[in-house]
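J.: A predicted structure for the sequence below; I have some questions about it.
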Amino acid sequence: MMDVNYAYLLMAVSLGFFAWLGITNALKKESSFDEYLSARNSQSWLSIGLSLFASGMGIWILFGPSEVGYYGGFYDVLGYALSSATPFILLANIGPIIRRITPEGVTLADYVKQRMGRTMQIYVGIISTIYMLTFMFAEYIAIGKAMNFLSGMDPLIPIIAVGIVTTVYTTMGGLPVSIKTDRIQSYFVIWLIICILLIIVTSGMSDMWENAKAYTPEDVEWEWLHGSISDYSTFEAGLALVLAITAAEMFSQGNWQRAWASENDLALRKGSYLAAGLCFIAVLLMGFLGTVKAGEGALNDPSITFFELIKDYSTGILAMFIIIGIALVCSSIDTLQNALVAVISRDITDGKISLKEARYVTIAIVPIAIILAWYLKDETLSVFRIFLVADLFAAATVLPIFLTLSDKITPKGSLIGAISGLLSVIVYGAITADIGTGIGYLTNPVNEWGLANLGVFLSALIGSGSITVISSAIFNRAEA
């Protein structure tokens, strides 16, 4: 463990650097409200790609993939890696279409309002807010946990410090400054990938591969065996993660803000594909380390699997990971702050607040997320399940929204489809067990092992999509 005073110094220097970077860029130019929220048509493909990559990663990359690898093995990891890339692949292909249909948009719900009306815009805004606020306080929990494990630091101190620094430069400069800082922060994440490759090579490829294939030794008598690449039983959970996270990430408005920030459609496509490739590699490598650790022995807290791997490294190496952790959490938090302000100002209040009021919103969001992080800091499973509930509501809504790219889909049909997606989950539970189970899936969409339930997410997608198409056809025929 690193000396706590040294850790404080590293944190202060790292946050001081990002504060200086953000503030100096914010002071260069006074932004209009539109530029503050969208940075419209100003960013090259490289800026967009690195910004999407850095903001999409976050410090969860040091926790989530290795924990999934520890519990679920290779196929769950592969699903996680794919789910980190697929939202950007979809953005590359759907984003240019949305940009053309809604050229003055800032969030996905701006498009939704144009195609489906104000009611659906509010609904999408609420789903987006829940998802992104959950993401934000989960990031706060993660940085507190990381600093506590590496140095014994009180978790609340880095949480508050990160909240203050990101709020200062985000409030001043909005999205343009977030994209500027993302570019620098992305280099830290790329360095993380290089470090992981070095860990794999220097630790001995053959030994790591054998541990990855092995089951957790303490689990050999269990019906469910942890963490092995040889285990094919988690394929369904891995596929469920692809569906769940892809659907939810389509409601992460930070991605959509960057769609309009791209200087043109080609910049958006190239940048999105760059982000998809980098995210896939990063998550796959981190998840692989989780399967390795599972083969070495059981852990009391699998959420810190990666940190268990590096805990005996030198102080210099641990210092590097503290700096990387600060960069990761700042890149995601400032994106989420900007995105939440965009959703509240554009979607929830329908553009009825000013830039000054939007800045007040930015400041007000942070204490809420910090309080939630502190309250739920010891409830990692609860956070995971909150994410899955948000994912489920997103899965029930994503097809009704994007099917409206076809003129054959009506606003009423898509609204009925979104509601039917959730009803389909209840029906699925009633068919496979009983109606109580189906209702329970709406707040706890997991299987018996606590992993994402493929049947639940498939029922939400299939039910919402099919009912949207059928009800729209009925409405069109009635109007003909």
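T.: That came through, no problem.
J.: show me where the stretch 201-350 of the chain has helices.
T.: Under the criterion DSSP state H, counting those that start in this stretch, the stretch 201-350 of the chain contains helices at 205-213, 235-249, 253-261, 265-296, 305-310, 315-342.
J.: include mean pLDDT when you put the ones you listed into CSV, please.
T.: Formatted as CSV, the helices of the stretch 201-350 of the chain follow (pLDDT from 0 to 100):
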stretch, mean pLDDT
helix 205-213, 75
helix 235-249, 82
helix 253-261, 93
helix 265-296, 90
helix 305-310, 83
helix 315-342, 91
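J.: what about the ones you listed, which gets the closest to G117?
T.: Checking these against G117 by Cβ to Cβ gives helix 253-261 as the closest, at 18.7 Å. Bear in mind the C-beta positions are built from the backbone N, C-alpha and C, glycine included.
J.: got the angle for the closest one vs helix 235-249?
T.: 60 degrees (axes from the mean of the first three to the mean of the last three Cα atoms, to 10 degrees).
J.: mind listing residues that contact helix 253-261?
T.: Outside helix 253-261, the residues that touch it by Cβ atoms under 8 Å, 6 or more residues apart in numbering are 37-43, 48, 51-52, 55-56, 87-88, 91, 95, 98-99, 105-109, 128, 132, 175, 179, 249, 268, 271, 335-336, 338-340, 342-343.
J.: 6 Å instead, please
T.: 38-40, 43, 48, 51-52, 55, 91, 95, 99, 105, 107-108, 128, 175, 268, 335, 339, 342-343 (Cβ atoms under 6 Å, 6 or more residues apart in numbering).
J.: likewise stretch 356-365?
T.: 167, 170-171, 337, 340-341, 344-345.
J.: about what we covered before: now the buried members of the contacts of helix 253-261.
T.: Among the contacts of helix 253-261, those buried by neighbour count (16 or more other Cβ atoms under 10 Å) are 38-40, 43, 48, 51-52, 55, 91, 95, 99, 105, 107-108, 128, 175, 268, 335, 339, 342-343.
J.: contacting residues for G421?
T.: 396, 460, 463-464.
J.: most neighbours, which of the residues you listed?
T.: Neighbour counts for the contacts of G421 peak at A460, which has 33 neighbours (criterion: other Cβ atoms under 10 Å).
J.: follow-up on the earlier one: pick the most deeply packed of the helices of the stretch 201-350 of the chain.
T.: helix 253-261 (a mean of 28; mean count of other Cβ atoms under 10 Å).
J.: starting at the chain centroid, how far to that one?
T.: Its chain's average C-alpha position is 14 Å from that of helix 253-261, according to Cα atoms, centre = their mean, to the nearest Å.
J.: so where's this protein uncertain?
T.: 215-234, 379-384, 480 (pLDDT under 70).
J.: domains in it, by residue range?
T.: 4-377, 379-480 (automatic domain parsing).
J.: and those, which is most packed in?
T.: domain 4-377 (a mean of 21).
J.: and stretch 128-143, how far from the chain's centre?
T.: Put simply, stretch 128-143 sits 9 Å off its chain's centre (Cα atoms, centre = their mean).
J.: again, but for stretch 303-314
T.: 23 Å.
J.: start to end distance for that stretch?
T.: With Cα to Cα, to the nearest Å as the measure, stretch 303-314 spans 22 Å from end to end.
J.: on that earlier part again, go through the contacts of stretch 356-365 and say which is closest to T437.
T.: Distances from T437 to those, taken by Cβ to Cβ, are shortest for L340, at 33.8 Å.
J.: that closest one: what's it in contact with?
T.: 132, 365.
J.: returning to that earlier point: farthest pair within the contacts of G421?
T.: A396 and G463 (7.5 Å).
J.: picking up where we left off before, with secondary structure added, can I get the contacts of G421 in TSV?
T.: Conversion of those to TSV gives the following (DSSP: H, G, I helix; E, B strand; the rest coil):
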residue	secondary structure
A396	helix
A460	helix
G463	helix
S464	helix
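J.: between these, which sits nearest A390?
T.: Nearest to A390 among these, with distances taken as Cβ to Cβ, is A396, at 11.1 Å.
J.: ok, the closest one touching I462?
T.: No. Checked against Cβ atoms under 6 Å, the pair A396 and I462 is beyond contact range at 10.4 Å.
J.: what helix or strand does the residue lying closest to G238 once chain neighbours are set aside sit in?
T.: Nearest residue to G238, sequence neighbours excluded (Cβ to Cβ, 6 or more residues apart in numbering): G79, at 2.7 Å. Applying DSSP states H and E as the criterion places G79 in helix 64-101.
J.: and S272, what is it in contact with?
T.: 88, 91-92.
J.: return the member of these nearest to I199.
T.: F88 (25.8 Å).
J.: residues contacting the residue nearest to the closest one when sequence neighbours are not counted?
T.: In space, and not counting its chain neighbours, F88 is closest to A276: 3.9 Å by Cβ to Cβ, 6+ apart. By Cβ under 6 Å, 6+ apart, the residues touching A276 are 85, 88-89.
J.: and A276, how far from D76?
T.: Between A276 and D76 the distance is 19 Å, computed by Cβ to Cβ, to the nearest Å.
J.: mind checking the SS state of N444?
T.: coil.
J.: skipping its backbone neighbours, what lies nearest it in space?
T.: Per Cβ to Cβ, 6+ apart, closest to N444 is R385, 6.0 Å.
J.: just P411 next, same as before
T.: Once flanking residues are discounted, P411 sits nearest to M116: 4.4 Å by Cβ to Cβ, 6+ apart.
J.: T410 is in contact with that neighbour, correct?
T.: No. Contact criterion Cβ under 6 Å: M116 and T410 do not qualify, at 8.8 Å.
J.: and the nearest residue to T404 once chain neighbours are set aside, what element?
T.: Nearest residue to T404 in three dimensions, chain neighbours excluded: R115, at 4.4 Å (Cβ to Cβ, 6+ apart). Per DSSP H and E, R115 falls inside helix 108-116.
J.: now whichever helix or strand comes after that helix, how far from the centre of its chain.
T.: Downstream of helix 108-116, the first helix or strand assigned by DSSP H and E is helix 118-151. Computed by Cα atoms, centre = their mean, the chain-centroid distance of helix 118-151 equals 8 Å.
J.: now stretch 11-21
T.: For stretch 11-21 - counting by Cα atoms, centre = their mean - the centre lies 24 Å from the chain centre.
J.: which residues does it contact?
T.: When contacts are defined by Cβ under 6 Å, 6+ apart, stretch 11-21 is touched by residues 158, 161, 165, 181, 323, 326, 330.
J.: with distance to K293 added, can I get those residues in JSON lines?
T.: Converted to JSON lines, the contacts of stretch 11-21 look like this (distance: Cβ to Cβ, whole Å):
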{"residue": "P158", "distance to K293": "24"}
{"residue": "A161", "distance to K293": "29"}
{"residue": "V165", "distance to K293": "32"}
{"residue": "T181", "distance to K293": "32"}
{"residue": "I323", "distance to K293": "23"}
{"residue": "I326", "distance to K293": "24"}
{"residue": "C330", "distance to K293": "27"}
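J.: dump the helix holding R115 to PDB, restricted to CA.
T.: Provided in PDB are the C-alpha atoms of helix 108-116 (Å, rounded to 0.1, in the frame of the first residue of the first chain):
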ATOM      1  CA  LEU A 108     -31.400  12.300 -28.700                       C
ATOM      2  CA  ALA A 109     -34.600  13.500 -27.100                       C
ATOM      3  CA  ASP A 110     -34.500  16.500 -29.400                       C
ATOM      4  CA  TYR A 111     -34.900  14.100 -32.300                       C
ATOM      5  CA  VAL A 112     -37.600  12.200 -30.300                       C
ATOM      6  CA  LYS A 113     -39.600  15.400 -29.800                       C
ATOM      7  CA  GLN A 114     -39.500  16.100 -33.500                       C
ATOM      8  CA  ARG A 115     -40.600  12.600 -34.500                       C
ATOM      9  CA  MET A 116     -42.700  11.400 -31.500                       C
END
